[in-house]
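Colleague: Predicted model follows, preceded by the sequence.
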Amino acid sequence: MSFIEDNQIKAVCFDIDGTLYPKWKMDVRLFKSSFFDPVFALKYNKMRKEIRKEDGYGLLDILSEDEIKRRNASILYGDSSRDSVERFIKKEKRLRENWDREYRNIKSAKGLSEALDKLKDNGLRLAAFSDFPIGVKLKAMGIEGYFEFALSSEEIGHFKPSRTPFSIISSSFGLDESKILYVGDSYRKDVVGSKLSGMHSCLIFRKNKKSYNMADIVAKDWKDFISKVL
């Protein structure tokens, strides 16, 4: 029996950034994307950290697009006035355009496509999730056709490790959390967040399990991942 069979896993959801492609490639692209306004980029990153801290591991209500913009502007500029929100929208739009430009030629991690093929061949349903806008990433990597759906925390207003994203993933699959394996490269955001939500978890691109007691699987690469789940 395999891990998938033993735990009656029906679906696998993957973190995107740092998981489906190497994290260093993300860091380079985020850095290059910030050149148009380094001060805003730094404040934007700080804002995301503040939201993650505020949300914690909570199961929270989904925010509307307007609520998301007002919350972001309030953290960035100290108020959520119309002028501040409009200023935020303009700056963020430019930043996202830069992200899409930088990601046009992104390549997936070695062995990923083969791993996805094997999961599909074994009847697993697949999805992808990101704390950043997905944009052109999946298409550029040539893997968007593997996924039943792809979601971003930007659409719901809450970042991992909040349980809200994992609840949305479960609802989108129409499955109980216990039937889902979540795969990511961050122990706190991906493993702890998914486990507290009732999912199984895999930490990818790590070599040991000594410090990752909440992870069901620790895999050093995609070949190792497949050998441990199937």
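Modeller: Cool, got the structure. Residues are numbered from 1 along each chain as shown.

Colleague: for the protein, which helix is longest?
Modeller: helix 82-102 (DSSP state H).

Colleague: Could you count how many residues lie near the residue nearest to residue 197 when sequence neighbours are not counted?
Modeller: Take residue 197 and drop its neighbours on the chain: the residue closest to it by Cβ to Cβ, 6 or more residues apart in numbering is residue 166, 3.6 Å away. Any C-beta I mention is one placed from the backbone N, CA and C, and that applies to glycine too. Close neighbours of residue 166, defined as other Cβ atoms under 10 Å, add up to 25.

Colleague: Could you report the pLDDT at residue 166?
Modeller: According to the prediction, residue 166 has pLDDT 98.

Colleague: List the contacts of it.
Modeller: Residue 166 sits next to 160, 177, 182, 193, 194, 197, 199 when contact means Cβ atoms under 8 Å, 6 or more residues apart in numbering.

Colleague: before we move on, the earlier item: identify each buried residue in the longest helix of the chain, please.
Modeller: Residues of helix 82-102 classed as buried: 84, 85, 88, 91, 92, 95, 98, 99, 102 (neighbour count, 16 or more other Cβ atoms under 10 Å).

Colleague: what does it rub up against?
Modeller: Helix 82-102 is contacted by residues 29-30, 32-37, 40-41, 44, 69-70, 72-74, 76-78, 132-133, 135-136 when judged by Cβ under 8 Å, 6+ apart.

Colleague: Swap in 10 Å and give it another go.
Modeller: The contact list for helix 82-102 (Cβ atoms under 10 Å, 6 or more residues apart in numbering) reads 25-26, 28-37, 39-41, 43-44, 47, 66, 69-81, 132-133, 135-137, 140, 154.

Colleague: For that helix, what is the distance to the chain centroid?
Modeller: Centroid separation between helix 82-102 and its chain, computed with Cα atoms, centre = their mean, to the nearest Å, is 20 Å.

Colleague: cool, stretch 37-47 as well?
Modeller: Chain-centre distance of stretch 37-47: 20 Å, with Cα atoms, centre = their mean.

Colleague: Same question for stretch 45-55.
Modeller: Mean-position distance between stretch 45-55 and its chain equals 15 Å (Cα atoms, centre = their mean).

Colleague: Without its sequence neighbours, what residue ends up closest to the residue most central in space within the chain?
Modeller: Compute the mean C-alpha point of the chain, and by Cα atoms, centre = their mean the closest residue is residue 130, 2.5 Å away. Distances taken as Cβ to Cβ, 6+ apart put residue 16 closest to residue 130, at 4.0 Å, once the chain neighbours are dropped.
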